[in-house]
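S.K.: output the structure for:
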Amino acid sequence: MTWITTIQASAATGPLREFYSQVYALYPAEYGAEVPAILRADGTADSIVAAHSLIPEAMWHGMSTLGVLLSPTLPLDRRQHEMIATLVSALNNCFY
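M.R.: Numbers count the residues shown, from 1 in each chain. Predicted structure coming up:
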């Protein structure tokens, strides 16, 4: 769980709301649903995108880059993305 204040996409207004829409539009369709294993009882989950919500322009630049790198037109599929992310997280002793 993030320990900083975040603004979830559902509560965002103005430019932040627009940045959320632009960023999420870049992600492959299978990234549109939360992974059941990380859902809390209230149906929410931590969001690395929301962790950047206090600086909307930085969120847009960083997460848009990620969205482009996840493009389904590139040769890696979601399983490979997840394997890379898992290895990097393990090497960094990080849950994400």
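S.K.: low pLDDT regions in this protein?
M.R.: For the chain, the stretches with pLDDT under 70 are 1-2, 95-96.
S.K.: helices of that one, start to end?
M.R.: Taking DSSP state H as the criterion, the chain contains helices spanning 14-26, 56-69, 78-91.
S.K.: mind putting the ones you listed into JSON lines with mean neighbour count and distance to D42?
M.R.: C-beta here means a position set from N, CA and C on the backbone, and glycine is covered the same way. Listed next are the helices of the chain as JSON lines, based on neighbours: other CB atoms under 10 Å; distance: least, CB to CB, whole Å:
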{"stretch": "helix 14-26", "mean neighbour count": "15", "distance to D42": "20"}
{"stretch": "helix 56-69", "mean neighbour count": "15", "distance to D42": "24"}
{"stretch": "helix 78-91", "mean neighbour count": "11", "distance to D42": "24"}
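S.K.: out of the ones you listed, which comes closest to D46?
M.R.: helix 78-91 (13.0 Å; CB to CB).
S.K.: would you turn the helices of the chain into a markdown table with distance to V49?
M.R.: Below are those laid out as a markdown table (distance: least, CB to CB, whole Å):
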| stretch | distance to V49 |
| --- | --- |
| helix 14-26 | 6 |
| helix 56-69 | 5 |
| helix 78-91 | 14 |
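S.K.: G43 is nearest to which of those?
M.R.: helix 14-26 (17.7 Å).
S.K.: OK, contacts around Y24?
M.R.: Y24 makes contact with 9, 32, 49, 67, according to CB atoms under 8 Å, 6 or more residues apart in numbering.
S.K.: mind checking how far it is from L70?
M.R.: 11 Å (CB to CB, to the nearest Å).
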